[in-house]
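# Got a sequence here, can you build the structure:
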Amino acid sequence: MEMESQVQVVRAFNRVVTERIGALADGYLARNRSLGLDRVVWEIGRTGIDVRELRSRLGLDSGYVSRQLRSLEEEGLVTVSPSPQDGRVRRAALTARGVDELALLDQLSDDMVGSILTPLSERQRHELAEAAATVQRLFTASAVLITPVDPGLPEARRAVDAYYQTLDSRFEGGFRPEQSLPAADDAFQPPHGLFLLATLKGRAVGCISITSVTESVAELRRLWVSPDVRGLGIGRRLLETAEEAGRSLGASLIRLETNKALTEAISLYRASGYREVAAFNKEPYAHHWFEKTLHGSGPEQGPIGFIGLGIMGLPMARRLARAGVPLAVWNRTPKNVVELIGGDAKPAESVGELFDECETIIVMLRNESAIDAVLRDHPEGLGALVAGRTIINMGTLSPEFSKGLSDEIEAAGGNYVEAPVSGSRRPAEDGKLVAMVAGQPDVVPQILPLLDPLCATTTVCGPVPSGITMKLAVNVFLIALVTGLAEAFHFAQAHGIDLQKLRSLLDAGQMSSPISRVKTERLTSEDFTAQAAISDVHMNAKLIVDAAATQGAHAPLSELCEAIYREAENRGDGALDMAGIIRTIADAEVIHTAPRPAVSSEEDSVSPR
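Predicted structure coming up:
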């Protein structure tokens, strides 16, 4: 969904909510008082609150809050007086009448929410409560501001102190700042660097700092997120904002070190495309060192070629363009590249033109025949096309075909790298694919930074075709998993079981995974719009079966899945998402499995154990 559509959806939501809860009425909850005044009563609460804290919580200016408090004072609900701790600070408190009014407001509010929930079914009430929790979480996340500040400011100091306290509580043996590598405030101020502070309603909830080490290298320090806002994506936002600051400082490489106890941070770095490297400093508290190439910074880069804008290729090209990678794009079916991809992407008129412009070309084509049509059948011949070029194949081929293509390209003076990815359209859109890379050891490290915007995890598997073979091994499990889910839902349907409850149980259990949660949603809603099409899954299943046969390996589950997906494609379901295999499972009459062994009369007489 594009931004404009998202804006309209949220606006419609706002209209429904404000009308449904009575926020438009002059007297909220029939108390002859606006929702704004009642909210002030709720924020003051039974314990009272400093007026400046009240302003911060509600995001209101001092004049407006003063008028609100004056109105509540006139009603006899509130008193405002100097704080006992600091006479310069005003403090608001509820009177006895105000406490009674608060209790009444709570009861009326519960009744109003009850009137919304009562007409709904149990499933709908659960769905609404979950949705409300999600909205609250996301509204809170959107209220967090990240801005560069002077690291000497009190709020910045409090954030760094909280960071030190976190390290002290989690590091084995504690943390002593004076024993760590020094970090003077000047290093985190322009023109040398930045200190970025995340605040929620004026309160520090996170920080990160960046400083230039050389003209092209910057280092990140002091990433901290308050426990109050963890799970809101604030750490990722801080990291991305710091990376953008690194680009503005002219850095093309960003690096950091961390302690083994900070497992959440390590996961964040890896998911954000950071690669673990050898130690580059002598930080005594560090166990891991990471770095990441920043695209779109430093000297101007030549374009990267990209061939194939299918279900996976299009979102992958968009991710690269948005990361600042200049692209020259060609697709077998002409498409409006500028409109579809954006960023610094331009169309190539032909494959030859693309290879003339680009030294590195990513190929994301559906199958081997497409590879042959685009590369081997080119008028100039494969050798002339790939000489002096690096080809990164990110599609799934047979190991034999990939190895043959690699040998042919290298014989022509080019480089070939396998980088097939595990994941469907959604992970491709989110940059959370998993890449299995294979190629020459001197070539692979050069292309890894290109995969950063696309992949949450990149694993170097060895020489060609170990990347493709690893992908097929992953797909053995993936195909069996989704096919098993489809059969589970068909079994439940046949027995009249509530599919929504089945989904909830599967999503909550130890078998749950990102892919299973996506597919249970598809199976429940019967939305089979392709993310991973049945035709592609059948192709992968056949590659697995054939590859197993070449090695004399047994693959009974994959053989059965290949037969099921072949039947699905034959019956016209090839364009559906793989979750749509439930239709074939439910209707199939021609899928043959091995006959069950006959049970002898002697076995019949044995009691089951």
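
# from here on, contacts and neighbour counts on C-alpha atoms
Will do.

# What pLDDT is listed against the closest residue in space to Gly45 that isn't next to it in sequence?
Once flanking residues are discounted, Gly45 sits nearest to Leu94: 7.1 Å by CA to CA, 6 or more residues apart in numbering. We have a pLDDT of 96 for Leu94.

# burial measure for Leu94, as a count.
Counted with other CA atoms under 10 Å, residues neighbouring Leu94 total 25.

# any idea how far Leu77 is from it?
For Leu94, the distance to Leu77 equals 6 Å [CA to CA, to the nearest Å].

# For the residue nearest the centre of the chain, give its distance to Ala345.
Among the residues of the chain, the one closest to the centroid is Asp430, at 5.0 Å (CA atoms, centre = their mean). Per CA to CA, Asp430 is found 19 Å from Ala345.

# buried ones in the biggest helix by length in the chain?
Selection of the longest helix in the chain by residue count, based on DSSP state H, yields helix 466-494. By neighbour count on 16 or more other CA atoms under 10 Å, the buried set for helix 466-494 is 466-472, 475-476, 478-483, 485-487, 489-490.

# any idea how far Ala549 lies from Val464?
Ala549 is 19 Å from Val464, where distance means CA to CA.

# Neighbour count: the two, which is higher?
Val464 (24 against 12).

# show me what contacts the more buried one?
Each residue near Val464 by CA atoms under 8 Å, 6 or more residues apart in numbering is listed here: Ser402, Lys403, Ser406, Val417, Glu418, Ala438, Gly439, Gln440.

# count of residues packed around the last one?
The burial metric for Gln440, expressed as a neighbour count using other CA under 10 Å, is 14.

# swap in the first one?
For Ser402, the neighbour count with other CA under 10 Å is 23.

# contacting residues for it?
Counting by CA under 8 Å, 6+ apart, Ser402 touches Glu418, Val464, Pro465, Ile468.

# Asp185: which of the residues you listed is nearest?
The shortest approach to Asp185 among these belongs to Glu418, at 45.0 Å (CA to CA).

# so what's that closest one bridging to?
Beta-bridge partners for Glu418, by DSSP bridges, are Asn393, Ala438.

# so it sits right up against Thr469, yeah?
No: with contact defined as CA atoms under 8 Å, Glu418 does not count as touching Thr469 (10.2 Å).

# didn't Leu72 look like it was pressed against Val65?
No: Leu72 is not in contact with Val65 according to CA under 8 Å; the separation is 10.7 Å.

# residues shared between the contacts of those two?
In contact with both Leu72 and Val65: no residue, using CA under 8 Å, 6+ apart.

# three-state assignment of Gly114?
What DSSP: H, G, I helix; E, B strand; the rest coil gives for Gly114 is helix.

# ok, now how distant is it from Val17?
In terms of CA to CA, Gly114 sits 15 Å off from Val17.

# do the same with Ile391
From Ile391 over to Val17 the distance is 53 Å, taken as CA to CA.

# the more surrounded of those two?
When Ile391 and Val17 are compared for neighbours, Ile391 comes out ahead with 22 against 12, by other CA under 10 Å.

# pLDDT below threshold where in this protein?
Low-confidence segments of the chain (pLDDT under 70): 1-2, 295-301, 588-609.

# what are the ranges of the strands in the stretch 301-450 of the chain?
For the stretch 301-450 of the chain, applying DSSP state E, counting those that start in this stretch gives strands covering 304-307, 327-330, 345-347, 360-363, 390-393, 415-418, 421-422, 433-439.

# ok now stretch 455-466, how far from the chain's centre?
21 Å (CA atoms, centre = their mean, to the nearest Å).

# Counting neighbours, show which residues of that stretch come out buried.
Neighbour count says stretch 455-466 has Cys455, Ala456, Thr457, Thr458, Val460, Cys461, Gly462, Pro463, Val464, Pro465, Ser466 buried, by 16+ other CA under 10 Å.

# now swap in stretch 199-214 and tell me
Buried residues in stretch 199-214 (16+ other CA under 10 Å): 199-201, 203-212.

# So for Asp498, what's the nearest residue that isn't a sequence neighbour?
Distances taken as CA to CA, 6+ apart put Ala492 closest to Asp498, at 7.5 Å, once the chain neighbours are dropped.

# residues in contact with that neighbour?
For Ala492, the contacting residues are Asp498, Leu499, Leu502, by CA under 8 Å, 6+ apart.

# Pipe the buried residues of stretch 199-214 into a markdown table and attach secondary structure and distance to Pro284 per row.
Formatted as a markdown table, the buried residues of stretch 199-214 follow (DSSP: H, G, I helix; E, B strand; the rest coil; distance: CA to CA, whole Å):
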| residue | secondary structure | distance to Pro284 |
| --- | --- | --- |
| Thr199 | strand | 30 |
| Leu200 | strand | 33 |
| Lys201 | coil | 36 |
| Arg203 | strand | 31 |
| Ala204 | strand | 28 |
| Val205 | strand | 27 |
| Gly206 | strand | 24 |
| Cys207 | strand | 22 |
| Ile208 | strand | 20 |
| Ser209 | strand | 19 |
| Ile210 | strand | 20 |
| Thr211 | strand | 19 |
| Ser212 | strand | 21 |
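
# Gly45 and His490: what is the separation?
Using CA to CA, Gly45 is found at 52 Å from His490.

# Could I get the full set of helices for the stretch 1-150 of the chain?
Secondary structure of the stretch 1-150 of the chain by DSSP state H, counting those that start in this stretch: the helices cover 3-20, 35-44, 51-58, 62-74, 96-117, 122-143.

# Of the ones you listed, which is nearest Ser81?
Ser81 sits nearest to helix 51-58 of all those, at 9.8 Å, using CA to CA.

# Give me the buried positions along that closest one.
By neighbour count on 16+ other CA under 10 Å, the buried set for helix 51-58 is Val51, Arg52, Glu53, Leu54, Arg55.

# do the same with stretch 63-83
Neighbour-count burial for stretch 63-83 [16+ other CA under 10 Å]: Val65, Gln68, Leu69, Leu72, Glu73, Leu77, Val78, Thr79, Val80.

# The second one and Leu37 touch, don't they?
It stands for Gln68. Yes: between Gln68 and Leu37 there is a contact under CA under 8 Å: 6.4 Å.

# all helices of the stretch 301-450 of the chain, in order?
Using DSSP H, counting those that start in this stretch, the helices assigned to the stretch 301-450 of the chain run over residues 313-322, 337-341, 351-357, 368-371, 382-386, 399-411, 425-430, 444-451.

# Now the longest one: buried residues?
The one in question is helix 399-411. Along helix 399-411, these residues count as buried under the neighbour rule (16+ other CA under 10 Å): Pro399, Ser402, Lys403, Leu405, Ser406, Glu408, Ile409, Glu410.

# So the fourth one versus Leu382, what's the distance?
Put plainly, it is Leu405. 10 Å.

# likewise Arg57?
Applying CA to CA, the value for Arg57 to Leu382 is 65 Å.

# wait, what's in contact with Phe355?
Counting by CA under 8 Å, 6+ apart, Phe355 touches Gly305, Ile361, Leu385, Val386, Arg389.

# Of these, which is the most crowded?
Within the contacts of Phe355, most neighbours by other CA under 10 Å means Gly305, with 28 neighbours.

# Surely that residue touches Leu327?
Yes: contact criterion CA under 8 Å: Gly305 and Leu327 qualify, at 5.8 Å.
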